[in-house]
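Engineer: Here is a sequence together with a model predicted from it:
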Amino acid sequence: MTELIRLEAVSFAYDAARPVLRGVDFTLAAGQRLALNGTNGAGKTTLLHLMVGLVAPSAGRVIAFGRERRSEADFVEVRGRAGLLFQDADDQLFCPTVAEDVAFGPLNQGKSRAEARAIVHDTLASLGLEKLENRVTHKLSGGERRLVSLAAVLAMRPEALLLDEPTNALDQPTRSRLLDILAGLDQAMVIVSHDREVLERLATAEIRLEDGRLARD
Amino acid sequence: MSILDTATPRTARSLMARLDPRTRVILALLFALATVAIDEITALAAALGVALTLAVLARLPLGATMRRMLGLEGFMLAVLVLLPVTVPGRPVAELFGLVVSAEGLARAVAIALKANAVAVALLALVGSMEIVALGRALARLGAPERLVHLLLFTVRYIEVLEREYRRLRLAMRARAFRPTTSLHCWRSLGYLFGMLMVRSLERAERIDAAMRCRGFTGRFHALDGDDDGGRGGAPGALDWGVGAATVTVVALAGLI
């Protein structure tokens, strides 16, 4: 199995008196779908953010796609290969229209406009969202927002997906649809979720954050 | 209805909707400048006539437009009432011991005409298009990229902030908060706006993080641009026609 992301003895604290992570070792390999559990505030989101360099560890190493990553510049490439889906889709969809938002990642990766347009088309079509292509993002429903933000992440053709509470606040039909889509993807995944159904349908293994350390269930 | 919804009519595309957004922005700018520059009452009345014609061409919905205009009238009311009695000049009447002057009256009428003509024309030309289209038009006309992005981000997130404000406000009401003139009330409102600022800042940070996750390094790449060879680039025959007509009218007006 190819190793994609590895964290070695990683520690992190927003507030030095109360560290969130205390020497976490973690590995994500190709083909794995890891469910990440833990109580509120256990540091699940922080762990995902560490993997793509949105926060820097106070100690320990982040090795992603075969190289140790330290600086912001190191992580630019990582973020294209490990797509992070945010908890709140409103944070993610900032472009005026759906097409522009989905094209944002590919254009940043240096794709030409024609290529980006083709990617937008293919990605939306593969998720059954082609009707939304020219819609204005702030007028989408909550469920549509979540699906479009997933499309925006997938458009970068990542090898791994980091999903932060993907089914949170979704109605039953949208939730089933999202689960069907995720189950059909071949990317490795880390899924933060409290949703039993998500864990049962998607996860190949479960890990648990407790007192700043990882435990395998 | 949100403040972001444009008053776009849902029927077949009006003449106005077929015009390139850039043409409409330029027309609105020219019209506003010309109207502000002239002082002749008859010319201003004609300008208001032109603005109303534009409103009809844009098929502005009567009710919604009237409501928007009421906001402006309310704002101007104080000025319009004060001007006739504060500007010195030939007296024409006396009200409650105050002298109404002809000059003041004329100036009040001129200001009312100017403001209404410009507002109606803006609503017809610019207000009836999607803000996104307006942003793009401004960018293509050479407005600074940062300002255009600021406009588009504001449009995108003002509603999110408004939702957050309403949620907080609702939560306050759910705990029996009523606006009064007590210290407790002012302090609570202070907390409300403080919390709104903190949340906005945090959201801005999350948006920035989300953008960086998709490879953003400080430069925007447009999906649509002038080089796409499609309809997006060149203004159509209609735009040239309207442009030519405007130039003719301005030239004629100048001659007279």
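Structural biologist: Received the coordinates, thanks.

Engineer: Nearest spatial neighbour of the residue of chain B found nearest chain A, chain-adjacent residues omitted?
Structural biologist: Closest residue of chain B to chain A, Cβ to the nearest Cβ: residue B:215 (3.3 Å). C-beta: built from backbone N, CA, C; applies to glycine. Nearest residue to residue B:215 in three dimensions, chain neighbours excluded: residue A:108, at 3.3 Å (Cβ to Cβ, 6 or more residues apart in numbering or on different chains).

Engineer: Just the pLDDT for that neighbour.
Structural biologist: Looking at residue A:108, its pLDDT is 89.

Engineer: Could you do residue B:252 as well?
Structural biologist: Looking at residue B:252, the pLDDT reads 69.

Engineer: Quick check: which ranges of the chain have low pLDDT?
Structural biologist: Here I'm looking at chain A. Scanning chain A for pLDDT under 70 picks out A:217.

Engineer: My question was about chain B, not that one.
Structural biologist: B:1-13, B:224-235, B:250-256.

Engineer: hmm, 80 instead?
Structural biologist: Where chain B drops to pLDDT under 80, the residues are B:1-19, B:84-99, B:130-132, B:176, B:218-256.

Engineer: Residue numbers of it in contact with chain A?
Structural biologist: Contacts of chain B with chain A, taken as Cβ under 8 Å from any Cβ of the partner chain, map to B:4, B:130, B:132, B:135, B:152-153, B:155-157, B:159-160, B:203, B:206-207, B:209-217, B:221-225, B:228.

Engineer: returning to what we had before: which residues sit in contact with the residue of chain B closest to chain A?
Structural biologist: Residue B:215 sits next to A:76, A:79, A:80, A:105, A:108, A:109, A:156 when contact means Cβ atoms under 8 Å, 6 or more residues apart in numbering or on different chains.

Engineer: May I have the secondary structure class of it?
Structural biologist: Secondary structure state of residue B:215, per DSSP: H, G, I helix; E, B strand; the rest coil, is coil.

Engineer: all helices for the stretch 51-200 of chain B, in order.
Structural biologist: Secondary structure of the stretch 51-200 of chain B, counting by DSSP state H, counting those that start in this stretch: helices at B:62-86, B:102-122, B:131-140, B:145-174, B:183-213.

Engineer: need those in a markdown table with mean neighbour count, can you?
Structural biologist: Formatted as a markdown table, the helices of the stretch 51-200 of chain B follow (neighbours: other Cβ atoms under 10 Å in any protein chain shown):
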| stretch | mean neighbour count |
| --- | --- |
| helix B:62-86 | 13 |
| helix B:102-122 | 19 |
| helix B:131-140 | 20 |
| helix B:145-174 | 14 |
| helix B:183-213 | 14 |
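
Engineer: Looking at the ones you listed, which is nearest to residue A:5?
Structural biologist: For those, the distance to residue A:5 is smallest for helix B:183-213, at 14.2 Å, taking Cβ to Cβ.

Engineer: gap between that closest one and the chain center?
Structural biologist: 26 Å (Cα atoms, centre = their mean, to the nearest Å).

Engineer: how about the residues of chain A near chain B?
Structural biologist: A:49, A:52, A:54, A:76, A:79-80, A:83-84, A:86, A:88, A:90-92, A:94-97, A:99-100, A:103-105, A:107-109, A:113, A:116-117, A:120, A:136-138, A:152-153, A:156.

Engineer: Drop anything exposed from those.
Structural biologist: Using 16 or more other Cβ atoms under 10 Å in any protein chain shown as the burial test, the residues of chain A next to chain B include A:49, A:52, A:54, A:76, A:79-80, A:83-84, A:86, A:88, A:90-92, A:94-97, A:99-100, A:103-105, A:107-109, A:113, A:116-117, A:120, A:136-138, A:152-153, A:156 as buried.

Engineer: tally of neighbours for residue A:180?
Structural biologist: 11 (other Cβ atoms under 10 Å in any protein chain shown).

Engineer: Kindly report the same for the one 3 residues further on.
Structural biologist: When neighbours are defined as other Cβ under 10 Å, residue A:183 has 11 of them.

Engineer: so how far is chain B from it?
Structural biologist: 23 Å (Cβ to the nearest Cβ, to the nearest Å).

Engineer: residues touching that residue, list them.
Structural biologist: Taking Cβ under 8 Å, 6+ apart, we find residue A:183 in contact with A:201, A:202.

Engineer: For chain A, just list every one of the helices.
Structural biologist: Secondary structure of chain A (DSSP state H): helices at A:44-51, A:72-81, A:89-92, A:98-108, A:113-126, A:142-154, A:172-183, A:196-202.

Engineer: Leaving out sequence neighbours, find the closest residue to residue B:236.
Structural biologist: Closest to residue B:236 by Cβ to Cβ, 6+ apart is residue B:20, at 6.6 Å.

Engineer: Hmm, that neighbour is touching residue B:239, no?
Structural biologist: Yes: between residue B:20 and residue B:239 there is a contact at 4.7 Å, judged by Cβ atoms under 8 Å.

Engineer: Quickly list the domain ranges of chain B.
Structural biologist: Per automatic domain parsing, the domain ranges recorded for chain B read B:15-138, B:144-217.

Engineer: Name the residue of chain A with the shortest distance to chain B.
Structural biologist: Counting by Cβ to the nearest Cβ, chain A gets nearest to chain B through residue A:108 (3.3 Å).

Engineer: Touching, that residue and residue B:217? I think so.
Structural biologist: Yes: using Cβ under 8 Å, residue A:108 is in contact with residue B:217, at 7.0 Å.
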